[in-house]
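>>> Sequence first, then the predicted structure, then my questions.
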Amino acid sequence: MPEAGAERFGWHRRQARPAQVREGDWLVGLGMAAAFRNNLVMKSKARVRLDGQGRVTVETDMTDIGTGSYTIIAQTAAEVMGLPLEKVVVRLGDSDFPVSCGSGGQWGGNNSTAGVYAACMKLRGLVAAKAGIGAQAQFVDGEVRGPGRAVPLAHFAGLVAEDGIEYGDLDKRYQQSTFGGHFCEVAVDAWTGEVRVRRMLAVCAAGRILNPISARSQVIGAMTMGIGAALMEDLKVDRRRGFFVNHDLASYEVPVHADVPHLDVVFLDETDPVSSPMKAKGVGELGICGAAAAVANAIYNATGVRVRDYPVTLDKLLGGLPGVV
């Protein structure tokens, strides 16, 4: 993984000795950091039903907080049931639905889709039994097919199946984790200490990536949060009166578009046969683990100033910047 990222990022051009590369008034440096996040497994349930139009409706109290749960759950049901994506309806976030794993800590995607997979496999069994096909049943193009016959799924309207995934002591028998590497290039103004992140790359090993587009967006968002953590985000607490001083976006600084350069993400081609039936893992938090450290390491490589507490603001750099000729 580090080798793949180093080659893509051009790590061989890095000068190991700090403060060696200048472009006019800018000091330029490269940095990297490792990323690690445990893969957490937890039980998750779903309910699926067939209607007279041959559609499958998935119901689970899983949430979608902008991370693409609707999409990957629909993809899972469509693939297992042999349907086009437009034939799947996903309903989330209702406490009347079967209890899912929920969102957070990069466990939602793998576990919620594994629960949907289990429910769909149970529905397949009910359909195959009703069709009199049994274990030879194949689900293709909205039909259940067996030797010498094919029956549209719409024929089985009203069939409902509910099931879920439970892992037992899997997390005690296996240490499951995701891994990554973050690479960063910064430029630091030799006069003022202003830091500009020029480019970043994340290389992630996180099992099967269920949807590369939504996963990439999650990692890019996490890398952006890493830039904020490294350079500007700093919560101030008034300890005398017990309140947050900069409690809104008017006074708590976060990155804006001008602060965020081109961000690149690479997912290594791998599957994890132990993690779940989906052979996937989480990926959300992996994008932020180590991202800020890569920025700080790049600043050190550019300037020779080692800052060990975030954020890396101008006042922490100015006293140690190399002389300007």
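The structure has been received and is ready for your questions. Residues are numbered from 1 along each chain as shown.
>>> Please make it C-alpha for all contacts and neighbour counts, starting now.
Fine.
>>> Any buried residues in the helix ranked longest in the chain, and which?
As assigned by DSSP state H, the longest helix anywhere in the chain is helix 108-131. The neighbour-count check on helix 108-131 (16 or more other CA atoms under 10 Å) flags 108-128, 131 as buried.
>>> same thing with stretch 9-21?
Phe9, Trp11, Arg14, Pro18, Ala19, Gln20, Val21.
>>> Please apply the same query to stretch 130-138.
Ala131, Ile133, Ala137, Gln138.
>>> cool, and stretch 247-259?
For stretch 247-259, by 16+ other CA under 10 Å, it's Glu253, Val254, Pro255.
>>> need the residues you listed in a markdown table with secondary structure, can you?
Putting the buried residues of stretch 247-259 into a markdown table (DSSP: H, G, I helix; E, B strand; the rest coil) gives the following:
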| residue | secondary structure |
| --- | --- |
| Glu253 | coil |
| Val254 | coil |
| Pro255 | coil |
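>>> related to what we said a few turns ago, and the longest helix of the chain, what does it pack onto?
strand 44-50, helix 69-81, strand 143-146, strand 160-165 (3 or more CA pairs under 8 Å, 6 or more residues apart in numbering; DSSP states H and E).
>>> deepest of these, which one?
strand 44-50 (a mean of 25; mean count of other CA atoms under 10 Å).
>>> quick one: average pLDDT of it?
Average pLDDT, strand 44-50: 98.
>>> try stretch 312-325
Confidence for stretch 312-325, expressed as mean pLDDT, is 87.
>>> who's in contact with the nearest residue to Lys316 once chain neighbours are set aside?
Once flanking residues are discounted, Lys316 sits nearest to Val307: 7.0 Å by CA to CA, 6 or more residues apart in numbering. Each residue near Val307 by CA atoms under 8 Å, 6 or more residues apart in numbering is listed here: Ala296, Tyr300, Lys316, Leu317.
>>> now the strands for the stretch 151-300 of the chain?
Counting by DSSP state E, counting those that start in this stretch, the stretch 151-300 of the chain has strands at residues 160-165, 177-189, 195-205, 237-238, 243-244, 262-267.
>>> So which of those strands is nearest Phe36?
Proximity to Phe36, assessed across the strands of the stretch 151-300 of the chain by CA to CA, is greatest for strand 177-189 (4.7 Å).
>>> For the closest one, which helices and strands make contact with it?
Using 3+ CA pairs under 8 Å, 6+ apart: strand 177-189 touches helix 2-9, strand 26-38, strand 195-205, helix 291-303.
>>> I'm done for today, thanks for sticking with me.
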